[in-house]
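> Requesting a structural model of the entry that follows:
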Amino acid sequence: MTGDRYYEYRHTVGFEETNLVGNVYYVNYLRWQGRCRELFLHDHAPEVLAELRADLRLFTLRVDCEFLAELAPFDRIAVRMRLVELAQTQLELAFDYLRVNDDLLVARGRQRIACMRGSAGRTAPARIPTHLARALDPFRVAGPGRG
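Below is the predicted model of the structure:
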């Protein structure tokens, strides 16, 4: 996915994110994906935040992460998010995790998200808000072999 534009979230790994031998817990990679996605909304689609307070729901249908190299406490990472697919009611995001000091790809992940509207227990599929689609478009993976 090199050469594509991406949204980037930077993070420094802390001791609380690792086990006794210093390996980062899997759940933290997923947390970093979520944090990256939240900050993207804050920075590029703040209108969605107001809709989330009303009746918009973004459901994560699928999430995964593949490890390629180890991280340790105080490693600085860049989580880079790109849009892989945008359908009427769902979207898919790709995440690359790079260790900043040596620009090494340490992990990759994906999220499939569904857009719903309604209150708790009574939701229905809904179109992706236009302002969210517009905000994501510059970060779309380019080319026929996307992702």
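
> and residue 135, how many neighbours does it have?
Neighbour count for residue 135, taken as other C-beta atoms under 10 Å: 20. No exception for glycine: its C-beta is placed from N, CA and C like everyone else's.

> what about the strands in the protein?
For the chain, strands defined by DSSP state E occupy the ranges 7-12, 56-67, 76-86, 90-99, 104-119, 122-125.

> what about the protein, any weak spots by pLDDT?
Along the chain, the parts satisfying pLDDT under 70 run over 1-3, 143-147.

> For residue 11, which non-adjacent residue is spatially closest?
Of all residues beyond its chain neighbours, the one nearest residue 11 is residue 77 (5.2 Å), with distances taken as C-beta to C-beta, 6 or more residues apart in numbering.

> Help me confirm that the one you found comes into contact with residue 71.
Yes: shown here, residue 77 and residue 71 form a contact pair, counting by C-beta atoms under 8 Å, at 6.7 Å.

> Now for these two: what residues contact both?
Common neighbours of residue 77 and residue 71 (criterion: C-beta atoms under 8 Å, 6 or more residues apart in numbering): 13, 97, 99, 106.

> how far is stretch 92-103 from where the chain is centred?
Relative to its chain's centre, stretch 92-103 lies at 11 Å (C-alpha atoms, centre = their mean, to the nearest Å).

> next one: stretch 70-78
Relative to its chain's centre, stretch 70-78 lies at 18 Å (C-alpha atoms, centre = their mean).

> Counting neighbours, show which residues of it come out buried.
Using 16 or more other C-beta atoms under 10 Å as the test for burial, stretch 70-78 gives 71, 75, 77, 78.

> Between those residues, which sits nearest residue 121?
The nearest member of the buried residues of stretch 70-78 to residue 121, counting by C-beta to C-beta, is residue 77 at 37.6 Å.

> and the closest one, how far is that from residue 118?
From residue 77 across to residue 118, the span is 36 Å (C-beta to C-beta, to the nearest Å).

> Over to residue 17?
Residue 17 sits 35 Å away from residue 118, going by C-beta to C-beta.
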